[in-house]
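J.: Sharing a model that was predicted from the sequence below.
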Amino acid sequence: MSATVSTKLERERPPALTVGPAAWLRSNLFNNWWSTAVTLALGYLLVRWVVGFVDWGILHAVWSVPSKGPGIADTSACQAAKGIGACWAIINDKWRFIIFGRYTFDDQWRPAISIVLFVGLYVVSAMRRFWRWELGLIWLVTLTIIFVLMWGGVLGMEYVPQDQWGGLPITFILSTFGLAAAFPLAILVALGRRSTQLPAVRVLCVVYVELVRGVPLISFLFMASTLFPLFMPVGFNPDKLLRAQIAVILFAAAYLAEIVRGGLQALPKGQYEAADSLGLSYWHKMGFIILPQALRLVIPPLVNTFIGFFKDTSLVLIIGIYDLLSAGKIALGEPAWQPYGTEIYLVVGGIYFVCCYTMSRYSRGLEVEFNRSIRR
Amino acid sequence: MSDTQPAIVLDKVNKWYGPMHVLRDVTTTVGQKEKVVVCGPSGSGKSTLIRCINRLETHQQGRIIVDGTELTDDLRALDTIRRDVGMVFQSFNLFPHLTILENCTLAPIWVRKMPKDEAEALAMDLLTRVKIPEQAKKYPGQLSGGQQQRVAIARALCMKPKIMLFDEPTSALDPEMIKEVLDTMIGLAEEGMTMVCVTHEMGFARQVADRVIFMDRGEIVESGSPHEMFESPQTDRLKLFLSQILRGH
């Protein structure tokens, strides 16, 4: 009796380890001679690369250099380490220029607070429990404070003209205002493009989207900076940043509009009909029924475009606005630091990556949350 | 509005989808508190017909007068009519991102301008009537098909409509859920609601219909009391249809 039981137990035991790290390694990395070879080759390269990077970036890195005089760095230590160790001293020396650009040195606490305010605004806006109408008010107040801080000229703060702004605040301003203004505009354009009642509006929206999509952002920025002032009445000359901002808004709106339109088309016709049959007006129907569902459907492509535009703001470089990337580039202009572009671009790239990856993770979380509460 | 005025008047209504003539000179009148069942083979235009009554589809010729108001391009007339005509769809069409309660209160609050408390009380009242008050805080996706369709009926009733349109309300349901929806509709009929139902449920037609309309190829072929229609059909088309329906059941 007991013997039968034990054989039975033995038979029910799993044939081999199918869970756990060892089993995972076996089934994914070493399941035949070919994949074992690939694993070993890639593993070797990975180890070589990590060791090399640690060696270059940490062990042999130069973290700071003495100064030869006011504002002139003695980079001989970096030159000696060239090819062997990273010169992080350039970051040490230039980080404030990269982050704040040409903003008056002693007043750089103002853009610093602006950056903190921007980040705070993003964090608050990201939390669903703050999604109420008061959030609009918070945006208005925060953005006003940011602009007062940046411009100055009041409350004993010195006036800092816009062409001295630069670095991270410019990137945040262009992308935040750009997307915050482009998004509502995009919704209107998408609705207009699907309008059956107003053919003139539809044609206008189609022409707008197709025109903007057909032109590269760079030429759009050029137009904003050179062509636009020609059409304006004499004396009315909005500053360069504002013009670039308008260009970014109009450009982003065309792309976002097409994404929103996709969401509108993906909704079943029955949702429109149910709203109609209840007698809801067009705006109630769109605002309560259609858009909340349509926008949820298009979160992935929307965030994809947001991330794209966040990075595309660096194109304002070509019309002489110094965002994060261009500030980094200018920091390299100093002869003593010229050879150390890798270090600068690694750091600037790192900042972009943190911002974009945060957006991407957030949108994933949002999708999961929406899916949990709705479609089950 | 007087009680003598008919609820719905259709006068030589015609409609085409491109070259396809889907409604041919449809003429009929639905009286106040009358229950009309529209049946016919698929593609006979019966759904199109009732969708014309609240202008989810537009007719191209003839006149449709609902509760004394003629359906035209005039949007204000359309708003009035849609407020007074409730509709239940084959595929429920509940709003998946809103709770059951919100599904019911949205239109009363925004269209009827009813205070929120009042709308919620009314909605709970009607959800109780369709026997699912305990689901009020759930989302449509968490309910069975039969429950969803009963919510859809409650949602339409929350607008206090004078006329209810049903577009194959049980066709998308599993057999065991059909009864609960039909029971709800029978209850509604007994309370004296004016109803136009497109349905294949002949038992329901026998029980509540004052009149059955048989449509085929876009025209009304025959109409009469359920007894006349089912016991002594006059046309071959109706005879054929009835034999197919009965065989199917």
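T.: Yep, it's here.
J.: what packs against the longest helix belonging to chain B?
T.: As assigned by DSSP state H, the longest helix anywhere in chain B is helix B:175-190. Other helices and strands packing on helix B:175-190, by 3 or more C-beta pairs under 8 Å, 6 or more residues apart in numbering or on different chains; DSSP states H and E, are helix B:145-157, strand B:194-198, helix B:202-208. Any C-beta I mention is one placed from the backbone N, CA and C, and that applies to glycine too.
J.: B:H200 belongs to a helix?
T.: No - under DSSP: H, G, I helix; E, B strand; the rest coil, B:H200 falls outside any helix and is assigned coil.
J.: domain parsing for chain A?
T.: For chain A, automatic domain parsing gives the domain ranges A:2-58, A:108-375.
J.: measure A:M359 to A:S175 for me?
T.: Distance of A:M359 to A:S175, computed by C-beta to C-beta, to the nearest Å: 10 Å.
J.: brain fart, A:F183
T.: In terms of C-beta to C-beta, A:F183 sits 12 Å off from A:S175.
J.: So these two - more neighbours on which side?
T.: Taking other C-beta atoms under 10 Å in any protein chain shown, A:F183 and A:S175 do not tie; A:S175 has more neighbours (23 against 19).
J.: Work out for me the element the more buried one sits within.
T.: Using DSSP states H and E, the element containing A:S175 is helix A:168-193.
J.: Could you point out which of the helices and strands packed on helix B:175-190 sits nearest chain A?
T.: Of all the helices and strands packed on helix B:175-190, it is helix B:145-157 that lies closest to chain A, at 7.4 Å by C-beta to the nearest C-beta.
J.: Tell me the pLDDT of the residue in the stretch 51-200 of chain A positioned nearest to chain B.
T.: Taking C-beta to the nearest C-beta, chain B has its nearest neighbour within the stretch 51-200 of chain A at A:Q197, 9.0 Å off. You'll see A:Q197 listed with a pLDDT of 80.
J.: Does it fall in a helix, a strand, or a coil region?
T.: What three-state DSSP gives for A:Q197 is coil.
J.: so where is chain A shaky, pLDDT-wise?
T.: Applying pLDDT under 70 to chain A flags residues A:1-18, A:69-71, A:232-238, A:373-376.
J.: what about the helices in chain B?
T.: Using DSSP H, helices in chain B cover B:46-53, B:75-84, B:100-110, B:116-129, B:145-157, B:175-190, B:202-208, B:226-231, B:236-248.
J.: what residues does chain B put near chain A?
T.: When proximity is defined by C-beta under 8 Å from any C-beta of the partner chain, chain B lies next to chain A at B:54, B:56, B:79, B:82-83, B:85-87, B:89, B:91, B:93-98, B:106-107, B:110-111, B:139, B:141-142, B:155-156, B:159.
J.: Could you give me the PyMOL syntax to select whichever of those residues are buried?
T.: To isolate in PyMOL the members of the residues of chain B next to chain A that are buried, counting by 16 or more other C-beta atoms under 10 Å in any protein chain shown, one can use:
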select buried, chain B and resi 54+56+82+83+85+86+87+89+91+93+94+95+96+97+98+106+107+110+111+139+155+156+159
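J.: need the contact list for A:Y340.
T.: Neighbouring residues of A:Y340 by C-beta atoms under 8 Å, 6 or more residues apart in numbering or on different chains: A:78, A:87, A:90, A:332.
J.: so the third one sits in a strand?
T.: Read it as A:I90. No - under three-state DSSP, A:I90 falls outside any strand and is assigned helix.
J.: which residues are in contact with both of A:M359 and A:S175?
T.: The contact sets of A:M359 and A:S175 overlap at A:F310 (C-beta under 8 Å, 6+ apart).
J.: got the contact list for the residue lying closest to B:Q90 once chain neighbours are set aside?
T.: Leaving aside its sequence neighbours, B:Q90 sits nearest to B:E168 (C-beta to C-beta, 6 or more residues apart in numbering or on different chains; 4.2 Å). Going by C-beta under 8 Å, 6+ apart, B:E168 touches B:47, B:90, B:198-200.
J.: A:V124 is in contact with A:F130, isn't it?
T.: Yes - contact criterion C-beta atoms under 8 Å: A:V124 and A:F130 qualify, at 5.3 Å.
J.: Common neighbours of the two, please.
T.: Common neighbours of A:V124 and A:F130 (criterion: C-beta under 8 Å, 6+ apart): A:I138.
J.: any idea of the angle the helix or strand hosting A:A252 forms with helix A:168-193?
T.: Per DSSP H and E, A:A252 falls inside helix A:240-266. Put simply, helix A:240-266 runs at 40 degrees to helix A:168-193, going by axes from the mean of the first three to the mean of the last three C-alpha atoms, to 10 degrees.
J.: and the helix or strand following helix A:240-266, what does it pack onto?
T.: For helix A:240-266, the following helix or strand on the C-terminal side (DSSP H and E) is helix A:269-277. Contacts defined by 3+ C-beta pairs under 8 Å, 6+ apart place helix A:269-277 against strand B:85-88.
J.: tell me the average confidence for the strand it packs on?
T.: For strand B:85-88, mean pLDDT is 94.
J.: who's in contact with that strand?
T.: A:274, A:277, B:53-54, B:56, B:66-67, B:149, B:152-153, B:156-157, B:159, B:161-167, B:169.
J.: just stretch B:173-189 next, same as before
T.: In this structure, residues lying in contact with stretch B:173-189 by C-beta under 8 Å, 6+ apart are B:35, B:129-131, B:144-146, B:149-150, B:153, B:157, B:164, B:166, B:169-170, B:195, B:197, B:201, B:203-204, B:207-208.
J.: same question, stretch B:112-121
T.: Outside stretch B:112-121, the residues within contact range by C-beta under 8 Å, 6+ apart are B:83, B:101, B:104-105, B:108-109, B:122, B:158-160.
J.: winner for burial among the helices of chain B?
T.: Most buried of the helices of chain B, by mean neighbour count (mean count of other C-beta atoms under 10 Å in any protein chain shown): helix B:145-157, with a mean of 25.
J.: Up against chain B, what does chain A have?
T.: Residues of chain A lying close to chain B (C-beta under 8 Å from any C-beta) are A:268, A:270-271, A:273-281, A:284, A:288-289, A:292-293, A:296, A:373-376.
J.: Now, of these, which are buried?
T.: A:271, A:273-280, A:284, A:288-289, A:293, A:296, A:374.
J.: now that we have the contacts of B:E168, which one has the most neighbours?
T.: Of all these, the highest neighbour tally under other C-beta under 10 Å goes to B:V198, namely 25 neighbours.
J.: Break down the stretch 1-150 of chain A into its helices, ranges please.
T.: A:2-12, A:21-28, A:33-54, A:76-80, A:89-100, A:109-126, A:134-151 (DSSP state H, counting those that start in this stretch).
J.: now the domains of chain A as a markdown table including distance to B:G62?
T.: As requested, the domains of chain A are exported to a markdown table (distance: least, C-beta to C-beta, whole Å):
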| stretch | distance to B:G62 |
| --- | --- |
| domain A:2-58 | 69 |
| domain A:108-375 | 21 |
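J.: Out of those domains, which is closest to B:T27?
T.: Of all these, it is domain A:108-375 that lies closest to B:T27, at 24.0 Å by C-beta to C-beta.
J.: Now do the closest one: distance to the chain's middle.
T.: Domain A:108-375 sits 10 Å away from the centroid of its parent chain (C-alpha atoms, centre = their mean, to the nearest Å).
J.: before we move on, what about stretch A:20-27?
T.: 36 Å.
J.: same check, this time on stretch A:27-40
T.: Distance of stretch A:27-40 from the chain centroid (C-alpha atoms, centre = their mean) equals 37 Å.
J.: Can I get it in CSV? Just the C-alpha atoms.
T.: Extracted in CSV, the C-alpha atoms of stretch A:27-40 (Å, rounded to 0.1, in the frame of the first residue of the first chain):
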residue,chain,number,x,y,z
SER,A,27,15.3,27.7,-21.3
ASN,A,28,16.1,31.2,-22.5
LEU,A,29,19.8,31.5,-22.9
PHE,A,30,21.3,28.0,-23.1
ASN,A,31,18.6,25.8,-24.7
ASN,A,32,20.9,24.7,-27.6
TRP,A,33,24.4,25.0,-28.8
TRP,A,34,23.6,27.9,-31.1
SER,A,35,21.9,30.0,-28.4
THR,A,36,24.6,29.1,-25.9
ALA,A,37,27.2,30.5,-28.4
VAL,A,38,25.2,33.7,-28.9
THR,A,39,24.8,34.1,-25.1
LEU,A,40,28.4,33.7,-24.5
